[in-house]
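Asks: predicted model and sequence follow; I will ask about them next.
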Amino acid sequence: MSEKDSTEAQQNPNLEDCLKLLKGERDEQRLAGLLLVTNFCKAQDHSSLRRVYDAVGPRFLYRLLRTGLGSSLNENRDAYLSLSITVLAAFCRVPDIASSDDMLFNIPLVLEVIPTLSGSSLLQECYEFLYLVSAASENGITRFCESGGIKVLASQMTRFCESGGIKVLASQMTVLQDGSYLMEVSFKLLQLILGRMSLDIIQSNDLSDFPVIVAAIARQFAVLHNSLKFEALHLLNVILTSKDSSQLREALQLLPQESWSHNIRTGIMAVLQNRVAPAERLQALILAESMVSMHGEDWLVSQVNTNDARDPASADMCLLLVLEQSRVEIAVLLNELAYLKYEAPQDTSATSEAIFSKRHNVAVAYSLVEKIIKLISNVEENGGNLLDEGTLTKVILQLNETIAVVLEYLEDAKEHGQKKGDDLLASVRIIGSYLAEAPLACKEKVQDLLGYMLYIEGEDEQRPFYSVCFLLPLLSQITMKIEGCKALASCKGIEAVLDCFNKLVGSNAFLEDNGCIFLACDTILNLLLKKDKVHTMLDESASVRLLKALAYWTDNTDEMSSMMMASSICALVFEYTSEEALLNRPDFNYSTLRSLYVLIARCLTSSEQDTKEDMDLLEIVSSGFSRWAHRYPRIQEAVKN
C-alpha cells in the first residue's frame, strides 16, 4: 500500500472494508457496503466517492434503482429505492461521474420516481441528482443523442425534458413549499433548460405545462422576501422577453389572471418600493413592460389584493411606482449614454457594448412611459374613470419632468453635432407621444429643438422620415395657430413634412392606415391657409412634388374623406401657379394634371359630404376654384363630365 493509501485508510478506517464488500460477488455484499458508505462517506470527499463508485460499478446502481421502481410486492422495494437515489445523488457531486453516460441513462428512472414521492425526503435527492447531472453532462448528452439511444436535445437539460421533465416539474412546483430548497433547485433546473435550449423547442413539446411553471414562479416572486425572489424575477424575464415566447404568451392569456398576473404585479411593486440594487429595479421595469405589452395599459392600474385585507394596495400604486422608476432610469441612463458617446474613449469594444446595453434599457423605460401616456389619453377619452384627479396630476408632473430630461439629452446631442442614432429617434418618439396630448408642455425648449428633431435619423435611415411621423400629431396642432406655423417655417420644417408626405403616400403599407397621412395633410393645409400671415411660399419644385403625391394618393383610394382632403390642398396649391406653368415643367405631365382635375371635379359634384370637416374642405375647394379656374382651361371639361 502506498503512503497516500495508508494515510487515507487511517483517516477512514471503514472505507477499505466497504470497498471489499462493494467488490463482492453477491448483491447482498454490495448492498451492505453501500449502506455502510452512506453512514460515513461525506459529500465533499470526492476522492472517496470516486473509489466507492468505481468499486460498486454503474450497472449495479442501475439494477438497484430498477428494483426499487419495480411493481412487485418486494418488502424491501422502498428501501432499495431510497438507497439507490441517495447514493446516486452523492456520487453526482463528483463532476466526472455526473457527466458520464451511465448517469444520463438514469435520468428517466429518477423522473419516474418523482411523482411517487410527494412529501418524501427523497425528493431532495432526486432534484439534486437531476440538477447535478444536467449541469455537468453537455458532452455526454451530445454523445447520447448522436448514438441514437434515448432522444435528447443538444443541451444539458434535454434528456430531462424529453423524459417528461417539464411535465414533472410543472406538477411538482405547484405543491412545493414556498421558498423551499426544492423550489430553489427547480429554479436552477429551469435556468439550465432556458440557457441551453430555445423556448420555441420547449413550447413545441410542453406548451400545456409551461404556463403552470410560469404561474408557480410568479407566486414565488410575489410571496418571497429573500434572494430567491430575484431568481424568480430573472426567470420570468428570460421567459416572457424571449423572442420565441409568442405561443407561451397566448397560452398564459388563458390562465386566470389572479393566478399569475396579479402575483407578478405584487412582486414588481415590492421590488420598486424597497431598497434593492438598481439592477433589480431595472429588471422589475423590464418585467412590467412585458406585462403591459401582454395585457394593455390598464394592467398598471388594476386592483392588487395583498395578504393583509386591512391594507390593500391602491389601484394606482403600481402605475406611480413604475413611472417614478422609469423617470429615474431615463435620467441616469441618458446621462451615462451622453458620457459614453461624447467623452469616453471611442472605438473600443467596452464602450460599444455599454452603449448597446444602455440603449436597450432606455428603450424599455421609454416604452413604459409611452404606454402610460396612452393610458392617460384613454382616461381623458373615457371621462376619467380609471384615475382620480390627484393621481392624474402626479402622473402629469412626472411626465413633464421626464420629457424635460429627454429634451436636455437631445439638446446635448445637437451641440455635439449628432443627428443619427436609434436612441435619438426613440427620444423624438416619446416626445412626440407626449406633446400630442400636451402640446404646450416645455414649449420654449420644444420650439428651439423643433428643426433639429425633424431631421433626426435612425441608424438604418438614409433620410429623416420616422422623426417627422412621430412629430406630426404635434405639428398638426401647433400649425392651427399663426405662432406654430411661423415656428415650423422658421426651421424649414415645411420641407421635412412634404418629404414625409411623399414617402407616406408612396408606400402601400401606409396607404392602409391613413392616420399619419391625414396628420401630414392637416399640417400642410394649415400652412397653406395661413401663407399670407406666415409669409411663406412653396417653391415650384416643392409644389410639383406635392401635386404629384396628391395625384398618386387619390388614384389609390376611393375614400371620400381622403379625396376631399387632397382636393382642398390641391386647390390651395393651384393658387401659386397655372396650367401653362405646370405643363412647361419637365418633371410634370398632363396625365398627372388630369388626375387632379378629375379629383377636384368629383369633390365639387359629390353629395356625400355630411360632416362639418368635409363641408369646410369643400368650401376651400369651391372658393379656390372660383378664383383660379380661368388659369386652368381644361378643368372645365373635367367638371362638366
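Replies: Yep, that arrived.
Asks: so which residues of the stretch 401-550 of the chain form helices?
Replies: 422-437, 443-454, 466-478, 482-490, 493-505, 508-511, 515-529, 531-534, 540-555 (DSSP state H, counting those that start in this stretch).
Asks: what packs against the second one?
Replies: Using 3 or more CB pairs under 8 Å, 6 or more residues apart in numbering; DSSP states H and E as the contact criterion, the secondary-structure elements in contact with helix 443-454 are helix 389-415, helix 422-437, helix 466-478, helix 482-490, helix 493-505. All C-beta atoms are positioned from the backbone trio N, CA, C, and that covers glycine.
Asks: sec struct for R93, please.
Replies: What DSSP: H, G, I helix; E, B strand; the rest coil gives for R93 is coil.
Asks: closest one to A32 among the helices and strands packed on helix 443-454?
Replies: helix 422-437 (69.4 Å; CB to CB).
Asks: may I have the closest one as CSV, with CA atoms only?
Replies: C-alpha atoms of helix 422-437 as CSV (Å, rounded to 0.1, in the frame of the first residue of the first chain):
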residue,chain,number,x,y,z
ASP,A,422,-31.8,55.0,-32.7
ASP,A,423,-31.6,56.4,-29.2
LEU,A,424,-32.1,59.9,-30.7
LEU,A,425,-35.0,58.7,-32.8
ALA,A,426,-36.6,57.0,-29.8
SER,A,427,-36.3,60.2,-27.9
VAL,A,428,-38.2,62.1,-30.6
ARG,A,429,-40.8,59.4,-30.5
ILE,A,430,-41.5,59.7,-26.8
ILE,A,431,-41.5,63.5,-27.0
GLY,A,432,-44.0,63.3,-29.9
SER,A,433,-46.2,60.9,-28.0
TYR,A,434,-46.5,63.2,-25.0
LEU,A,435,-46.7,66.5,-26.9
ALA,A,436,-49.6,65.0,-28.9
GLU,A,437,-51.5,65.0,-25.6
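Asks: return the distance of that helix from the chain's centre.
Replies: 18 Å (CA atoms, centre = their mean, to the nearest Å).
Asks: could you shift the numbering so residue one becomes 348, and keep it that way?
Replies: Shifting the count to begin at 348 puts that one at helix 769-784.
Asks: please name every helix or strand in contact with the helix or strand that contains Q538.
Replies: Using DSSP states H and E, Q538 maps to helix 528-543. On a contact count with 3+ CB pairs under 8 Å, 6+ apart, helix 528-543 meets helix 469-483, helix 505-509, helix 512-520, helix 557-570, helix 574-587.
Asks: need the helices and strands packed on helix 790-801 in CSV (columns: distance to M911 and mean pLDDT).
Replies: Shown next, in CSV, are these (distance: least, CB to CB, whole Å; pLDDT from 0 to 100):
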stretch, distance to M911, mean pLDDT
helix 736-762, 35, 93
helix 769-784, 24, 94
helix 813-825, 17, 94
helix 829-837, 22, 90
helix 840-852, 15, 91
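Asks: tabulate the ones you listed (CSV), appending distance to M450 and mean neighbour count.
Replies: Output for these, formatted as CSV (distance: least, CB to CB, whole Å; neighbours: other CB atoms under 10 Å):
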stretch, distance to M450, mean neighbour count
helix 736-762, 54, 17
helix 769-784, 48, 22
helix 813-825, 55, 24
helix 829-837, 72, 19
helix 840-852, 61, 22
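Asks: nearest to Q594, of these?
Replies: helix 769-784 (28.4 Å).
Asks: hmm, who's touching that closest one?
Replies: Residues outside helix 769-784 that contact it (CB atoms under 8 Å, 6 or more residues apart in numbering): 684, 706, 709-710, 713, 716-717, 720-721, 723-724, 727, 746, 749-750, 753-754, 756-757, 760, 765, 788, 793, 800, 803-806, 808, 813-814, 817-821, 824.
Asks: try 6 Å
Replies: Around helix 769-784, the neighbours that count as contacts under CB atoms under 6 Å, 6 or more residues apart in numbering are 706, 710, 713, 716-717, 720, 724, 746, 750, 753, 756-757, 760, 800, 803, 805-806, 813-814, 817-818, 820-821.
Asks: for stretch 915-923, same thing?
Replies: Counting by CB under 6 Å, 6+ apart, residues outside stretch 915-923 touching it are 871-872, 875, 890, 894, 897, 943, 964, 967-968, 971, 975.
Asks: tell me which two of those sit farthest apart.
Replies: Largest separation among the contacts of stretch 915-923 by CB to CB: S890 and L964, giving 19.3 Å.
Asks: look up how far L541 lies from S574.
Replies: Separation of S574 from L541 (CB to CB, to the nearest Å) stands at 19 Å.
Asks: for these two, indicate the residue with more neighbours.
Replies: It is L541, of S574 and L541, that has more neighbours when counted by other CB atoms under 10 Å, with 17 against 10.
Asks: what's the pLDDT at the nearest residue to the more buried one once chain neighbours are set aside?
Replies: Spatially, and ignoring its direct neighbours in sequence, L541 is nearest to V585 (5.2 Å; CB to CB, 6 or more residues apart in numbering). With respect to pLDDT, V585 scores 89.
Asks: I'd say L599 and V559 touch.
Replies: No: judged on CB atoms under 6 Å, L599 makes no contact with V559 at a distance of 10.2 Å.
Asks: circling back to that earlier point, and the helix holding Q538, how far from the chain's centre?
Replies: 22 Å.
Asks: got the angle between it and helix 469-483?
Replies: 20 degrees (axes from the mean of the first three to the mean of the last three CA atoms, to 10 degrees).
Asks: quick one: buried residues of helix 528-543?
Replies: 529-541, 543 (16 or more other CB atoms under 10 Å).
Asks: also stretch 413-429?
Replies: 414-416, 427-429.
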